[in-house]
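Asks: model this:
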Amino acid sequence: MHPGRIFISQSAEFQLKRLPEDVRLHIETHLENLAAALEQGSPEQLLARLQREDDGFVANVGAALIFFSVDANLRALTVQRLVQVDVQQGGSSR
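Replies: Predicted structure coming up:
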């Protein structure tokens, strides 16, 4: 991952390591893409497209929810926690 732009809390790191490899790779790729978009474009435009939560943002990535915050000045993401969700056939995971 892009270590200078993505920070992961200890609890999120623990949760990430416990996920199946395919889910973990999907999450890591998603975070790298978000960090690249944040670095290359307007942070305000990216933030306007993200799903807001109480203390930041949430992204549904396959079988997991990523809860994170964005520092627009530093152009950095901080992942607070990950939650694995059951994905039902033909339905949404949320």
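Asks: apart from its neighbours in sequence, what residue is nearest the spatially most central residue of the chain?
Replies: By C-alpha atoms, centre = their mean, the chain has its centre lying nearest to residue 66, at 4.3 Å. Distances taken as C-beta to C-beta, 6 or more residues apart in numbering place residue 59 nearest to residue 66, at 4.6 Å, with adjacent residues excluded. From N, CA and C alone the C-beta is placed, and that goes for glycine too.
Asks: tell me the contacts of the one you found?
Replies: The contact partners of residue 59, by C-beta atoms under 8 Å, 6 or more residues apart in numbering, come to 30, 34, 50, 51, 65, 66, 68.
Asks: closest one of these to residue 16?
Replies: Each of the contacts of residue 59 was scored against residue 16 by C-beta to C-beta, and residue 66 proved nearest at 9.4 Å.
Asks: just to check, that closest one is in contact with residue 31?
Replies: Yes - with contact defined as C-beta atoms under 8 Å, residue 66 reaches residue 31; the gap is 7.2 Å.
Asks: show me whatever sits in contact with both of the two.
Replies: residue 79.
Asks: quick one on the thing from earlier: helix or strand: which one has the residue nearest to residue 66?
Replies: Assigned by DSSP states H and E, residue 59 falls within strand 56-61.
Asks: okay, now the sheet partners of that strand, with direction.
Replies: Paired neighbours of strand 56-61 in the sheet (DSSP bridges): strand 51-53 (antiparallel), strand 64-71 (antiparallel).
Asks: between these, which gets the lowest average pLDDT?
Replies: Out of the strands paired with strand 56-61, strand 51-53 stands lowest, with a mean of 90 (criterion: mean pLDDT).
Asks: show me which positions of that strand end up buried.
Replies: Under the neighbour-count criterion of 16 or more other C-beta atoms under 10 Å, strand 51-53 has nothing buried.
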